[in-house]
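> coords please:
(2 chains)
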Amino acid sequence: MHRVVITGAGTINPLGHSVSDTFAAMKDGRSGIGELDIRDVDRLAIRIGGQVRGYNPDDRFNRQQQALYDRFTQFTLIAAEEAIAQSGLEFGGRLAAETGVVLGTSGGGLGTLDDNYRAVYEEGKNRVHPFIVPKLMNNAAASHVSMTYNLKGPSFTVATACASSNHAMGQAFGLIRAGFARVMVTGGSESMLCFGGIKAWEGLRVMSKDACRPFSANRNGMVQGEGAGVFVFEEYEHAKKRGAEILAEVVGFSMTADASDIVMPSQRGAARAIAGALKDARINADQVGYINAHGTGTAANDKTECAAVATVFGRHADRVMISSTKSMHGHLIGGTGAVELLACLMALREGVIAPTIGYEEPDPECALDVVPNEAREAKVDHVLSNAFAFGGLNAVLALKRAG
Amino acid sequence: MSGEVKDRIIEIIAEQAVLEPSDISLDQSLEDLGVDSMGLVEAIFSIEESFDIQVPFNANEPEKSEFDISSVQSIVTAVEGLIAEQKA
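This is a model prediction of the structure:
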């Protein structure tokens, strides 16, 4: 069994266009959620979201690239560039063959679908651009990362709704651990803040019209976000030999299925995933200093998640810090676990715990230390990152401080 | 009009409860009828489509909603209010 470390991180999300900008926003407890600036927003009941602001595709990609890169692919490539640059890796020969790409997304090129359905159904056009299929497919982002960086190892896309990124990173971890790959580019991306994407979520009636306030008694639902987080996972000896800077070690992963309901989460399924990650990492609950919560801000998730953590952590539940950064960047659906892993890296590397902002009223059913409203300094050695998806598919990662 | 609204709502709720409309009485709650939260969200969608109205309802805080779902009768009354308000 090989050890797995993280040697690069990159992102673009509602809080910033880089890891350092995102850390700064998380430390300030800044919100990236605001009024949506999209076509036909006046026909939506939900008009807020965590949009990536100040981003012009023309600054990053030429016309030919944009014909093939949906917004979720663009976000992925921007995040991958930052992560791979930080890792210092160059891919050729044997290393290229031993490096793969596993990314999570839920909607893939949903914006491309939305635009082109509009063209044929609403505008009555009888043809669409020839590259719509390769642009909208869920594996487009993974394939373009592979092509851009010459990565020829195991590569695929994972779609498990809100757990996609955690499942993807869990696969990357497992592939290196088992010796199927030496380096993996992993994480996830999402871009469904378009009319159809939000209209579909609206129907579920779980969206907030004003803010995402996880664990707060007056929470009233989730807020969608967009963006990407990408990491370089590397076999420990390989990283050590080349003197790479190690950001953190990935020490455990667990996935479970509730086998119960297509939308309602299960405390037992979540608890089994959390306990499984601890067991896989060979650590006890009292060694965990921070949990990045799934924390969607819905009544169903927050109560279930807190109960699951309380069950697994027992008397240590009162001591562990648990925050939901969705309060700041919104729910990035298939990309959310990747952006949230940044809060885990910040906790381990910089000793700063990202807050749960918008917290206004304690909820007796969520009576844990949710790091309300202000970031906190704390030295932690182990952290967990939770993701619990629609469909009852759960994925929890365990990370350890480097060195 | 009132009778039509009532009959259509009973029909919608009966479909979610997998019952005949004749089995539904106005004083029953959705819980009595075995309609869960997903059934409720679908029923509200059907109500909006049938009467061309917007129903203010957030599944995260059903108790805070202006839309009273405590019984079949309360839903009928609420929908009649919304129709009067939104079709005025």
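> So which other helices or strands are in contact with the host helix or strand of A:Thr304?
With secondary structure defined by DSSP states H and E, A:Thr304 is part of helix A:299-313. The helices and strands touching helix A:299-313, judged by 3 or more CB pairs under 8 Å, 6 or more residues apart in numbering or on different chains; DSSP states H and E, are helix A:267-281, strand A:382-389. Any C-beta I mention is one placed from the backbone N, CA and C, and that applies to glycine too.
> right, and the helix or strand after it?
Moving toward the C-terminus from helix A:299-313, the next helix or strand (DSSP H and E) is strand A:321-323.
> if I look at the residue lying closest to A:Thr157 once chain neighbours are set aside, how far off is A:Val52?
Leaving aside its chain neighbours, A:Thr157 sits nearest to A:Asn139 (4.2 Å; criterion: CB to CB, 6 or more residues apart in numbering or on different chains). For A:Asn139, the distance to A:Val52 (CB to CB, to the nearest Å) stands at 22 Å.
> The residue most central in space within chain B and A:Gln224: what is the separation?
In chain B, the residue lying closest to the centroid (CA atoms, centre = their mean) is B:Ile75, at 4.4 Å. To A:Gln224, B:Ile75 is 29 Å away according to CB to CB.
> Just list the residues touching the closest residue to A:Ser208 other than its chain neighbours, thanks.
Closest residue to A:Ser208 apart from its sequence neighbours, by CB to CB, 6+ apart: A:Gly221 at 3.7 Å. Going by CB atoms under 8 Å, 6 or more residues apart in numbering or on different chains, A:Gly221 touches A:Val206, A:Met207, A:Ser208, A:Lys209, A:Cys212, A:Gly297, A:Thr298, B:Asn58, B:Ala59, B:Asn60.
> what are the ranges of the strands in chain B?
With strands called from DSSP state E, chain B shows none.
> again with the stretch 1-150 of chain A
A:4-12, A:34-35, A:48-49, A:99-104 (DSSP state E, counting those that start in this stretch).
> Make a markdown table out of those strands and add mean neighbour count, mean pLDDT and distance to B:Asp27.
Shown next, in a markdown table, are the strands of the stretch 1-150 of chain A (neighbours: other CB atoms under 10 Å in any protein chain shown; pLDDT from 0 to 100; distance: least, CB to CB, whole Å):
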| stretch | mean neighbour count | mean pLDDT | distance to B:Asp27 |
| --- | --- | --- | --- |
| strand A:4-12 | 27 | 98 | 55 |
| strand A:34-35 | 12 | 98 | 43 |
| strand A:48-49 | 24 | 98 | 39 |
| strand A:99-104 | 32 | 98 | 49 |
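> Indicate which one of the ones you listed is closest to chain B.
strand A:48-49 (13.9 Å; CB to the nearest CB).
> Each with direction, which strands does the closest one pair with?
The strands that strand A:48-49 pairs with in its sheet are strand A:34-35 (antiparallel) (by DSSP bridges).
> what's the strand it pairs with in contact with?
A:Arg47, A:Ile48, A:Gly49, A:Gln51, A:Arg53.
> Max pairwise distance over the residues you listed: which two?
Pairwise distances across these peak at 15.6 Å for A:Arg47 and A:Arg53 (criterion: CB to CB).
> Looking only at neighbour counts, state which of the two leads.
Neighbours per residue, other CB atoms under 10 Å in any protein chain shown: of A:Arg47 and A:Arg53, the larger number sits with A:Arg47, 16 against 12.
> Isn't that one up against A:Ile38?
No - here A:Arg47 lies out of contact with A:Ile38, judged by CB atoms under 8 Å, at a distance of 9.2 Å.
> Now for these two: what residues contact both?
With CB under 8 Å, 6+ apart, A:Arg47 and A:Ile38 have no common neighbours.
> Deepest in the core, which of the helices and strands packed on helix A:299-313 is it.
Comparing these by mean neighbour count (mean count of other CB atoms under 10 Å in any protein chain shown), strand A:382-389 ranks first with a mean of 28.
> who does it pair up with?
In the sheet, strand A:382-389 lines up with strand A:288-292 (parallel), strand A:393-400 (antiparallel) (DSSP bridges).
> and the longest helix for chain A?
helix A:71-87 (DSSP state H).
> can you list the residues that contact stretch A:366-374?
A:29, A:214-215, A:293, A:302-303, A:306, A:309-310, A:317-324, A:353-359.
> mind running it again at 7 Å?
A:29, A:215, A:302-303, A:306, A:309, A:317, A:320-323, A:353, A:355-357, A:359 (CB atoms under 7 Å, 6 or more residues apart in numbering or on different chains).
> tell me the contacts of the nearest residue to A:Asp21 once chain neighbours are set aside?
Spatial nearest neighbour of A:Asp21, excluding adjacent residues (CB to CB, 6+ apart): A:Leu15 at 6.9 Å. Residues in contact with A:Leu15 (CB under 7 Å, 6+ apart) are A:Asp21, A:Thr22, A:Ala25, A:Met26, A:Arg30, A:Gly32, A:Met328, A:His329.
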